[in-house]
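Asks: curious how this folds, go ahead:
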Amino acid sequence: MKKYFAELLGTMVLVLIGATIKAYENKLSSGLTPKISTGVGLYPFTSTRKLTHADVAYLSARELKIMRNEIYARHGYIFKTKDMKEYFARQSWYRPVTSNVQLSNIEQYNVNFIKSYE
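Replies: Prediction:
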């Protein structure tokens, strides 16, 4: 029974990811710049709520950097540094489309919050 539910959950996640990617591709083909890829990455909550000390206290400097840059990556930011280019190139959901992103107030708060811990 557990195996069945695990497989079902895995299938549901793949369907959701596929739908997100398909919607993104449709926006690209229509010439529109995608606003944000939601619910993807290791830290999707960084785009939906303000972070707290508990969210970042035990993360390494590398993890903090990824967390911060993931916010930009969900907006399709084209990274300039080799390490972030390589890291996000390995993420199936990441599509580099712009060098100019507009962050929400929560995202900007979180970028600054994470920087204070880096």
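Asks: now residue 98: closest residue in space, sequence neighbours ignored.
Replies: Of all residues not flanking residue 98 in the chain, residue 76 sits nearest, at 5.3 Å (C-beta to C-beta, 6 or more residues apart in numbering). C-beta coordinates here come from the backbone N, C-alpha and C atoms, glycine included.
Asks: cool, residue 97 as well?
Replies: Excluding the flanking residues, the one nearest residue 97 by C-beta to C-beta, 6+ apart is residue 76, at 3.8 Å.
Asks: what is the neighbour count of that neighbour?
Replies: If you count neighbours by other C-beta atoms under 10 Å, residue 76 ends up with 21.
Asks: identify each buried residue in stretch 106-118, please.
Replies: For stretch 106-118, burial by neighbour count (16 or more other C-beta atoms under 10 Å) applies to 106, 107, 110, 111, 113, 114.
Asks: still on that earlier bit, quick one: the residue nearest to residue 97 and residue 100 touch, right?
Replies: No. Residue 76 is beyond contact range of residue 100, at 10.1 Å (criterion: C-beta atoms under 8 Å).
Asks: now do the same contact list for residue 102.
Replies: Applying C-beta atoms under 8 Å, 6 or more residues apart in numbering to residue 102 gives the contacts residue 75.
Asks: gap between it and residue 90?
Replies: Going from residue 102 to residue 90 by C-beta to C-beta, to the nearest Å gives 25 Å.
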